[in-house]
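# can you look at this prediction? I've put the sequence above it.
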Amino acid sequence: LEKDRSRRYETANGLARDIERHLNNEPIVARPPSNLYRLERLVRRNKLAFASASAIAVALVLGLALSIWGLGKAERQRRRAEVNEKKAQAEAAKSRQVAQFLKDMLNGVSPSVALGRDTTLLQEILDKTAQRVGQDLNQQPDVGADLRSTIGEVYYALAEYAKAEAMHREAVGARRKLFGNDNLDLAQSLDDLGVALQKQWKAEDAIRVHREALAIRRKLLGNEHPDVAKSISHLGEALNTDGKFKEAERTLREAVTMQRKLFGDENLDLAVTLIIFANSLRWNDKMSESETVARKALAISRKLLGNEHPEVALSLQVLANTLRLEGKSSEAEDLYRESLALRIKMLGNEHPLVGKALGNLVSLLREEGKLAEVASVCRKLADQGNAEAQVRLGWMYANGTGVAKDPVEAFNLCRKAAEHGDVSAQFNLGCMYERGEGIERDPAESAKWFAKAAEAKDPQVLNALAWSLATSRNAKMRDGPDADRKSTRLNSSH
């Protein structure tokens, strides 16, 4: 009998009818317990076990649901991260494109590209770009360093050596922070910085920087490589500037030997090193070898660059300097004139390198006693705004050399050059105001122009300024409470 009374036949008659249904192939009432019924009974007999199992099942279902939700959230975060990364990459690529555009544009400021055209507007753009680099490229320091390097190169081409130094120093700092102390990009920035320092007569700093660049390049590139040779060449030039002529000659011979081995006898890097080497030989009184080397440098430059290029003009200057000391004045004068004409054509009248070429020609003409010709050459360039010509012509008017003495004209020319930024003119103008030469004495104006001259920290000007303070007729400038501090500061800057 079924143990469950609710599932038994209530009467014998019920059993008889079910048998009759079976015989007639009809559905019967009596059936085996269903799975659901069995489960129900099992649950009732094992309530605690099923309660625990149910809790576990619920926990598993909830855990599964939470896992699915978590995976969905992680996927969404991953997708967002991918989107942000792509966006960052796009921004970085955009920054690099902008930087490359600026680099290409700024290269147009270079006098070797501009060929004498007015670069004033482009210089203003360059100044503004230099200011914005630090503000706009903080998130891409490698791009910022690259652009600073380019800006520094263009400043250098414009003879803005102090600005070039500032840009290259920033590039060195950024690349050192990004890449550490052993990196070729860092070596390039150090090399560029050293060249800018050397042009400002900061020879000791230039030597230190070039030695570091050379050490990095030798470590990473080996002892014979074009960049290693270039570093040796630049180090030799800095040693020359520092007056270490014997060491400079040995260093430059090493660079020349390496470049000839790497490139042969016709290469621009070799030509540049030969120019520096010729200078070194001249300082060591090896005039015949200096002339030979200078002529070789000029021949290479003409062949590879043509007759109108800044490197050709420089080669002409170096060769003329040697010929002048050898007593070959006529040929030296011709070369000076050719170099000056080239620089005026390529760089414009106001470029400092034009002033240097003029200075060499004027010095030779003075040695030959051609003072009227000196005045004529200087007047032409002075009227066109060349500061060097204004300073030299002003000196002639101040002393009555080659022209009638005229202190007022001397003052006016000196003032123009000083306002143009010529440091020696700023110092001379301070002296004129202090002594009342060509202008009424004005101690305040004198102090102002002396201060402007001191800002450049030119060693020769600083020495002259210190002497002027010490011998001034103005008691306040000579013996005032801050006079000693000024002299000390000036001498310590030397």
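That came through, no problem.

# just the pLDDT for A451.
Here the pLDDT value assigned to A451 is 87.

# restrict the helix or strand hosting it to CA atoms and write it as CSV.
Element membership for A451 (DSSP states H and E) is helix 443-455. The C-alpha trace of helix 443-455 is given here as CSV (Å, rounded to 0.1, in the frame of the first residue of the first chain):
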residue,chain,number,x,y,z
PRO,A,443,75.9,111.0,-15.8
ALA,A,444,72.5,109.3,-15.8
GLU,A,445,72.6,108.5,-19.5
SER,A,446,76.2,107.4,-19.0
ALA,A,447,75.3,104.9,-16.3
LYS,A,448,72.4,103.6,-18.4
TRP,A,449,74.6,102.8,-21.4
PHE,A,450,77.3,101.3,-19.2
ALA,A,451,74.7,99.0,-17.6
LYS,A,452,73.5,98.0,-21.1
ALA,A,453,77.0,97.2,-22.1
ALA,A,454,77.6,95.1,-19.0
GLU,A,455,74.6,93.0,-19.6
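
# for it, name the packing helices and strands.
Contacts defined by 3 or more C-beta pairs under 8 Å, 6 or more residues apart in numbering; DSSP states H and E place helix 443-455 against helix 423-435, helix 459-470, helix 475-479. Backbone N, C-alpha and C define where each C-beta goes, glycine included.

# how about it: buried residues?
445-447, 449-450, 452-454 (16 or more other C-beta atoms under 10 Å).

# equivalent analysis for stretch 256-272, please.
For stretch 256-272, by 16+ other C-beta under 10 Å, it's 256, 258-259, 267, 269-272.

# repeat that for stretch 146-166.
For stretch 146-166, burial by neighbour count (16+ other C-beta under 10 Å) applies to 146-161, 163-166.

# thought M396 was touching A375?
Yes. Counting by C-beta atoms under 8 Å, A375 is a contact partner of M396 at 5.9 Å.

# more crowded one of those two?
For the pair M396 and A375, the greater number of neighbours falls to M396 (24 against 20), based on other C-beta atoms under 10 Å.

# so A159, which of the three states?
Secondary structure, DSSP: H, G, I helix; E, B strand; the rest coil: A159 is coil.

# chain neighbours aside, what residue packs nearest to it?
With sequence-adjacent residues excluded and distances taken as C-beta to C-beta, 6 or more residues apart in numbering, A159 is closest to P352, at 4.3 Å.

# residue contacts, the residue lying closest to R295 once chain neighbours are set aside?
Nearest residue to R295, sequence neighbours excluded (C-beta to C-beta, 6+ apart): L319, at 6.2 Å. By C-beta atoms under 8 Å, 6 or more residues apart in numbering, the contact set of L319 is 278, 291, 294-295, 297-298, 335.

# again with R260
L270.

# I'd guessed I232 sits against A213; true?
No. Using C-beta under 8 Å, I232 is not in contact with A213; the gap is 10.2 Å.

# the two: which is more packed in?
The residue with more neighbours, out of I232 and A213, is A213; 27 against 23, by other C-beta under 10 Å.

# you'd agree that one is up against D185?
No. Contact criterion C-beta under 8 Å: A213 and D185 do not qualify, at 11.1 Å.

# pLDDT weak spots in the chain?
Along the chain, segments meeting pLDDT under 70 span 1-16, 18-19, 21-51, 58, 61, 72, 74-75, 81-122, 134-139, 456-494.

# now with 50?
111, 113, 481-494 (pLDDT under 50).

# tell me the centre residue of it?
Residue closest to the average C-alpha location in the chain (C-alpha atoms, centre = their mean): S149, at 2.3 Å.

# now do the SS call for that one.
helix.

# returning to what we had before: among the contacts of L319, name the buried ones.
278, 291, 294-295, 297-298, 335.

# of the residues you listed, which is the nearest to L71?
L71 has its nearest neighbour among the buried ones among the contacts of L319 in A297, at 71.9 Å by C-beta to C-beta.

# which residues sit in contact with that closest one?
Under the criterion of C-beta under 8 Å, 6+ apart, the neighbours of A297 are 271-272, 274-275, 278, 315, 318-319.

# and the two most separated of the residues you listed?
Greatest spacing in these, by C-beta to C-beta: V272 and L319 (14.3 Å).

# so N284 versus A248, what's the distance?
8 Å (C-beta to C-beta, to the nearest Å).

# between these two, who's got more neighbours?
In terms of neighbours (other C-beta under 10 Å), A248 is the more surrounded of N284 and A248; the figures are 25 against 15.

# just the element for that one, please.
Using DSSP H and E, the element containing A248 is helix 245-263.

# quick one, the helix or strand just after that helix and helix 245-263 angle?
Per DSSP H and E, helix 245-263 leads on to helix 268-283 as the next helix or strand towards the C-terminus. Helix 268-283 runs at 160 degrees relative to helix 245-263, counting by axes from the mean of the first three to the mean of the last three C-alpha atoms, to 10 degrees.

# tell me how far helix 268-283 is from the chain's mean position?
With C-alpha atoms, centre = their mean, to the nearest Å as the basis, helix 268-283 stands 25 Å off its chain's centre.

# stretch 442-452 now?
Centroid separation for stretch 442-452 versus its chain: 34 Å, with C-alpha atoms, centre = their mean.

# any chance of a markdown table for the buried residues of helix 443-455, columns distance to L64?
What follows is the buried residues of helix 443-455, written out as a markdown table (distance: C-beta to C-beta, whole Å):
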| residue | distance to L64 |
| --- | --- |
| E445 | 89 |
| S446 | 90 |
| A447 | 86 |
| W449 | 86 |
| F450 | 86 |
| K452 | 81 |
| A453 | 83 |
| A454 | 80 |
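
# determine which two of the residues you listed are furthest apart.
E445 and A454 (15.0 Å).

# roughly how far apart are the residue nearest to A159 and G144?
Distance from P352 to G144, by C-beta to C-beta: 29 Å.

# who's more crowded, the two?
G144 (22 against 19).

# in which helix or strand would I find the more buried one?
Using DSSP H and E, G144 falls in helix 141-157.
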